[in-house]
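Asker: 3D, please:
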Amino acid sequence: MTASTSMSVFHQWLLADAASQASACAIVLHGDESFSNDSLIREITDYLNEYDDDGDGRWLPATEELVKKIEHDPNHRRLLGMAETGSSDPDASHTEFMKTLTALGQRGHVVFRSPGIPAQELKLANTFHAGVCRARDIDEKCHLILDPYLIDHKCIAYIIGDVFLEWLHCEMRRNPPIHGIR
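Answerer: Numbering: from 1, shown residues only. All right, here's what the predicted structure looks like:
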């Protein structure tokens, strides 16, 4: 996907109706970058755009390239409700990258690779975490962990998409039981 295609996808995603709080979900991939890469991110979003009826085809592959373009474009930042930044400090850039991921995740219908920080630092409520690595190599709590050494790589996106959709529509997640009442 070229940079102009990525930005076109971003604009289509941004112009779509904002997700409701109940469905404003993000999928975060954890694990080795060689497995949780841009290709897998695109495969998952393609799958969800086809099979998530509630998503209306608005799943966005938030690749690192796209996130950086949004981070550095004042117009795109403004569209996401983010303040402009004028700093060229590398530490500030990392902070702004995290803020951009958070803004995208809060809008929902986005898939991205974990930036390597604890999940709670992104401040995302409805987030599905999928590990694509050996279970012993992951520090985050994940809803699903797939060992890429034990499964055909062509199946990984479909499995993540299917398990995510089951999680998304799980009655217990949508209506958590009140303590003491069943």
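Asker: make it CA atoms for all contacts and neighbour counts henceforth
Answerer: OK.
Asker: find the helix or strand that the residue nearest the centre of the chain is a member of.
Answerer: Residue closest to the mean C-alpha point of the chain, counted by Cα atoms, centre = their mean, is Val111 at 2.7 Å. Per DSSP states H and E, Val111 falls inside strand 110-113.
Asker: so what's the nearest residue to Arg134 once chain neighbours are set aside up against?
Answerer: Of all residues beyond its chain neighbours, the one nearest Arg134 is Asp147 (4.8 Å), with distances taken as Cα to Cα, 6 or more residues apart in numbering. Under the criterion of Cα atoms under 8 Å, 6 or more residues apart in numbering, the contact list for Asp147 reads Val132, Cys133, Arg134, Ala135.
Asker: from Val110, how far out is the first one?
Answerer: Looking back up the chat, that one is Val132. Applying Cα to Cα, to the nearest Å, one obtains 17 Å for the distance of Val132 from Val110.
Asker: show me the helices in the chain, by range?
Answerer: Assigned by DSSP state H, the chain shows helices spanning 3-15, 38-51, 64-72, 74-79, 90-107, 153-168, 171-174.
Asker: for the record, mean pLDDT for the longest one?
Answerer: Spelled out, it's helix 90-107. Per-residue pLDDT values across helix 90-107 average out to 84.
Asker: off-centre distance for stretch 62-74?
Answerer: A distance of 14 Å separates the C-alpha centroid of stretch 62-74 from that of its chain, computed with Cα atoms, centre = their mean, to the nearest Å.
Asker: buried stuff in that stretch?
Answerer: Ala62, Thr63, Glu64, Leu66, Val67, Lys68, Lys69, Ile70, Glu71, His72, Pro74 (16 or more other Cα atoms under 10 Å).
Asker: residues touching Arg134, list them.
Answerer: Shown here is Arg134, whose contacts under the criterion Cα under 8 Å, 6+ apart are Ile145, Leu146, Asp147, Pro148, Tyr149.
Asker: please repeat the previous calculation with a cut-off of 10 Å.
Answerer: With contact set as Cα atoms under 10 Å, 6 or more residues apart in numbering, Arg134 has these partners: Gly31, Asp32, Ile145, Leu146, Asp147, Pro148, Tyr149, Leu150.
Asker: could you measure the closest residue to Phe35 other than its chain neighbours against Val28, distance?
Answerer: What sits nearest to Phe35 in space, not counting adjacent residues and going by Cα to Cα, 6+ apart, is Val132, at 6.4 Å. Per Cα to Cα, Val132 is found 10 Å from Val28.
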